[in-house]
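>>> Pasting the sequence and the predicted model now:
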Amino acid sequence: MTKEKELGIEVDDQYLRDTILSYMLAGRDTTSSALTWFFWLLSKNPQVEIKILEELKSKVPIKEEYSSDKRRVFEIEEVKNLVYLHGALSEALRLYPPVPMEHKEPLQPDTLPSGHHVIPTTKILFSFYAMGRMESIWGEDCLEFRPERWVSERGGIKHEPSFKFVAFNAGPRTCLGKEMAWCQMKAVAATIVYNYRVGVVEGHPVVAKGSIILHMKHGLRVKVTSRLPVI
Ligand code: HEM
């Protein structure tokens, strides 16, 4: 008897197809949407880009810094604890959550903290997008892109409860790929910011597309230039 049969799981082609597809959809579009908004926010906030670059440079051994024509690729271990980069990515996820909406249905009749009575056929829709911009949750500067929000008094990463920072959902259906997503986003963002300047093409319209993933309606047109010294 195979392990799957012991566990009562039937692993047929359809199961494998659905699993692979859900990982591709859950892990690809979300991360790419997050990074797209992140680079757009950086272009609007050059002071943040400078600070990220400073943080990255502080991690690179001096003799290595822009010393050759080789691009530098940041490894996951190097970027894991970058506090300011973590803050900047968190701000992008707070203001532009790749999954902007979520819905739930109660299993039994219940009364929500708001006083609303709900029954099993009630669909409860809530907006992660709106929650990331609520003054009652994030304070008066809730609409500002401020990575410092995520830096603790002692200079470490300030963690927020998942029911407050809901970009990865909260509770039993929390994103299964959350840690992988953080690693990917940090490694990609660090490698791109360190090696290139990403400038958004002037006049390019940036609007969100109404969809289950918060894509940019017209994509993001950018001009990429190398930071490497010309040798
Ligand atoms: C910035 C990147 C990501 C964000 C913002 C994100 C966000 C979310 C959210 C909000 C959910 C809950 C969806 C729902 O219940 O309707 C979810 C579920 C899920 N995510 Fe992610 N995700 C990201 C990256 C990833 C990656 C990289 C993977 C895996 C490679 C992944 C795998 C999954 C899976 C398998 C679920 C379903 C979990 C379940 O239903 O129990 N996600 N994600």
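Everything's here; your move. Numbers count the residues shown, from 1 in each chain.
>>> Near the ligand, which residues of the chain? Just list them.
Within reach of the ligand by Cβ under 6 Å from any ligand atom, the chain has these residues: 22-23, 26-27, 30-31, 34, 98-99, 102, 167-169, 173, 175-177, 180-181. Using the backbone N, CA and C atoms, a C-beta is placed for each residue, glycine as well.
>>> Need the nearest residue in space to the residue in the chain positioned nearest to the ligand, chain neighbours excluded.
Closest approach between the chain and the ligand, counting by Cβ to the nearest ligand atom: residue 177, at 2.0 Å. Nearest non-adjacent residue to residue 177, counting by Cβ to Cβ, 6 or more residues apart in numbering: residue 27, 5.1 Å away.
>>> I'd say that neighbour and residue 183 touch.
No: counting by Cβ atoms under 8 Å, residue 27 sits too far from residue 183 to count as a contact (11.6 Å).
>>> so where is the chain shaky, pLDDT-wise?
1-4, 65-69, 230-231 (pLDDT under 70).
>>> Tally up the residues packed near residue 99, please.
20 (other Cβ atoms under 10 Å).
>>> swap in residue 149?
Residue 149 has 17 nearby residues by other Cβ under 10 Å.
>>> before we move on, the earlier item: please report how far the residue nearest to residue 177 lies from residue 106.
29 Å (Cβ to Cβ, to the nearest Å).
>>> Over to residue 38?
Residue 38 is 35 Å from residue 106, by Cβ to Cβ.
>>> what about the two, which has more around it?
Neighbour count, other Cβ under 10 Å: between residue 38 and residue 106, residue 38 has more, with 26 against 16.
>>> Thought residue 90 was touching that one, still the case?
No: Residue 38 is beyond contact range of residue 90, at 10.1 Å (criterion: Cβ under 8 Å).
>>> and residue 84, what does it touch?
51-52, 55, 147, 151 (Cβ atoms under 8 Å, 6 or more residues apart in numbering).
>>> if we go to 7 Å?
Counting by Cβ atoms under 7 Å, 6 or more residues apart in numbering, residue 84 touches 51-52, 55, 147.
>>> Filter those down to just the buried residues.
51-52, 55, 147 (16 or more other Cβ atoms under 10 Å).
>>> neighbours around the closest residue in space to residue 201 that isn't next to it in sequence, how many?
Distances taken as Cβ to Cβ, 6+ apart put residue 221 closest to residue 201, at 4.1 Å, once the chain neighbours are dropped. Neighbourhood size, residue 221 [other Cβ under 10 Å]: 14.
>>> same thing with residue 119?
Residues near residue 119, counting by other Cβ under 10 Å: 10.
>>> Helix or strand next in line after the longest helix along the chain, which one?
In the chain, assigned by DSSP state H, the helix with the most residues is helix 178-195. The first helix or strand that comes after helix 178-195 along the chain, using DSSP states H and E, is strand 196-200.
>>> Which stretches in the chain count as helices?
Using DSSP H, helices in the chain cover 3-6, 13-24, 30-44, 46-59, 76-79, 83-95, 128-131, 135-138, 178-195.
>>> possible to save those helices as TSV with distance to residue 225?
Shown next, in TSV, are these (distance: least, Cβ to Cβ, whole Å):
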stretch	distance to residue 225
helix 3-6	51
helix 13-24	32
helix 30-44	13
helix 46-59	13
helix 76-79	22
helix 83-95	20
helix 128-131	32
helix 135-138	34
helix 178-195	10
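>>> Could you single out the most deeply buried of these?
helix 83-95 (a mean of 23; mean count of other Cβ atoms under 10 Å).
>>> And that one, how far out from the chain middle?
8 Å (Cα atoms, centre = their mean, to the nearest Å).
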